[in-house]
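A.B. asks: missing the sequence, but the structure's below:
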DNA sequence: CTAAATAGTGAATTGTGAATCACTAATCCA
DNA sequence: TGGATTAGTGATTCACAATTCACTATTTAG
């Protein structure tokens, strides 16, 4: 049966979304043109009307992920002006996003990143760098406002922030969801807070 | 030229080591029987004298990694009896191991883990679980001795410990070693210490 | 020293997945 | 309405990687 004709613009989005879904289900390694086409409802060769090759599809996936990740940071910055609150909110959003969208860790950790053309690696690096930079911004601001300890090194702290999210995602993937990522985030947050916040000794009583 | 005959026992080790090396260089995805055989100095088909198939080679690699990771924990426990010191020492060893042996993150984070036969996933899960369990042990002991806060949840803390290592390894891989993992570990350790240690308020202020 | 056994070889088989192409059907627009 | 453009199709090509296999060279034991 012949598929309905759809304008390239839209098909591209469908294809990228399909690829993202499939990655979430089976990982990048198993991602095939045939699989994507099937999911979109067209024949494999039709896909080449919209993308030059598989690599270009992957590029699209990366751009989408970048948009979502950075979108979270932007959203959080609008929501409140308290850096610590921003971080907590970001943690929650990010973990929710990961647990709903398992494709992201697959893409970021995939060793295809290392195998593929070098610019793919660079793109992943850029996404991570942008994410870390956003967090460092927040931390620096918190330091200026005095709610975050001055002796915290923003870069190190941003990597540690990532460290609350990344292992949880990996463990959750590997262990078939035994770990509830958002729940874990809630548990870890107070610990992280203790790392960086500038509590003046006596304030913490619950 | 014909390769020297070597006893299976030894060849198996050579093959596993070659696979580990190659994974470190090009990632799991690009790992091929041809590549391994070449590196060992035999012809591809010869490899099948020693392993049933590629999957079995991967199994061997996983076992080797497990041995090394758990070996680090055992070593650290022998070295000192102070839990906090054990953790710091473990952090140092583990990061050194990762920066020398880039294959490990490739294997553990590879999405091939999700694609491959389900028991491969289970094996990776087991390695991570064993590692986390080791850390939890140390933490629990620290709590009994009073040097680690009682309100710390061992599992959460162990994941966070992993969080000091894992993101650093990934960033280092992606960014072509811009981040020096062991150096980063040194930076982050004091922060982690603040998370879990039971300093009685007034001892460290600068 | 010789015959199992053990390990290594190259050719052939098989499977898979990406990409190309000539062709067809739908849509656009003048 | 009718030609040009755009998107979809199926057959096919190409490359590559995992195995298998009949055969050969080398050890090792009796």
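C.D. replies: Yep, that arrived. Just so it is clear, the model here is predicted, and its values are computed rather than measured. Residues are numbered from 1 along each chain as shown, chains lettered A, B, ... in the order given.
A.B. asks: When you work out contacts or count neighbours from here on, use the C-alpha atoms and nothing else.
C.D. replies: Noted.
A.B. asks: Any buried residues in stretch A:55-62, and which?
C.D. replies: By neighbour count on 16 or more other C-alpha atoms under 10 Å in any protein chain shown, the buried set for stretch A:55-62 is A:57-62.
A.B. asks: Touching that stretch from outside, list them.
C.D. replies: By C-alpha atoms under 8 Å, 6 or more residues apart in numbering or on different chains, the residues outside stretch A:55-62 that reach it are A:15-17, A:19-20, A:51, A:107, A:120, A:123-124.
A.B. asks: Measure how far that stretch is from the centre of its chain, please.
C.D. replies: The chain centroid and the centroid of stretch A:55-62 are separated by 15 Å under C-alpha atoms, centre = their mean, to the nearest Å.
A.B. asks: And stretch A:180-188, by the same measure?
C.D. replies: 16 Å.
A.B. asks: who touches that stretch?
C.D. replies: So stretch A:180-188 is contacted by A:91-92, A:95-96, A:99, A:164-165, A:168-169, A:172, B:156-157, B:160 (C-alpha under 8 Å, 6+ apart).
A.B. asks: what about 10 Å?
C.D. replies: The set of residues external to stretch A:180-188 that reach it, using C-alpha atoms under 10 Å, 6 or more residues apart in numbering or on different chains, is A:88, A:91-99, A:164-172, A:192, B:152-153, B:155-157, B:159-160, B:195.
A.B. asks: near DNA strand C, anything from the helix or strand residue A:78 falls within?
C.D. replies: Taking DSSP states H and E as the definition, residue A:78 sits inside helix A:54-79. Yes: between helix A:54-79 and DNA strand C, judged by C-alpha under 7 Å from any atom of the strand, the touching residues are A:54-55.
A.B. asks: elements contacting the helix or strand that that helix is followed by?
C.D. replies: Following helix A:54-79 in sequence order, the next helix or strand is helix A:83-100 (DSSP H and E). Secondary structure elements in contact with helix A:83-100, counted by 3 or more C-alpha pairs under 10 Å, 6 or more residues apart in numbering or on different chains; DSSP states H and E, are helix A:54-79, helix A:103-109, helix A:118-145, helix A:154-174, helix A:181-196.
A.B. asks: Show the average pLDDT along the first one.
C.D. replies: When you say that, I think you mean helix A:54-79. What helix A:54-79 shows for mean pLDDT is 97.
A.B. asks: next one: the last one
C.D. replies: If you average the pLDDT over helix A:181-196, you get 94.
A.B. asks: closest point of chain A to chain B, which residue?
C.D. replies: residue A:163 (3.7 Å; C-alpha to the nearest C-alpha).
A.B. asks: Now do the same contact list for that residue.
C.D. replies: Each residue near residue A:163 by C-alpha under 10 Å, 6+ apart is listed here: A:157, B:159-168.
A.B. asks: Distance to residue B:186 for the helices and strands packed on helix A:83-100 - can I get that in a markdown table?
C.D. replies: Conversion of those to a markdown table gives the following (distance: least, C-alpha to C-alpha, whole Å):
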| stretch | distance to residue B:186 |
| --- | --- |
| helix A:54-79 | 28 |
| helix A:103-109 | 24 |
| helix A:118-145 | 19 |
| helix A:154-174 | 10 |
| helix A:181-196 | 15 |
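A.B. asks: what's the closest of the ones you listed to residue B:9?
C.D. replies: Distances from residue B:9 to each of the helices and strands packed on helix A:83-100 were compared by C-alpha to C-alpha, and the smallest falls on helix A:154-174, at 31.1 Å.
A.B. asks: Any idea which helix or strand in chain A has the lowest mean pLDDT?
C.D. replies: Between all helices and strands in chain A, the lowest mean by mean pLDDT, DSSP states H and E belongs to helix A:112-115, at a mean of 74.
A.B. asks: So what touches it?
C.D. replies: Outside helix A:112-115, the residues that touch it by C-alpha under 10 Å, 6+ apart are A:28-29, A:106-107, A:119-125, B:24-31, B:106, B:110-112, B:173-174, B:176.
A.B. asks: can you list the weak-confidence ranges in chain A?
C.D. replies: In the predicted model of chain A, residues A:200-206 satisfy pLDDT under 70.
A.B. asks: Many thanks, I have nothing further to ask.
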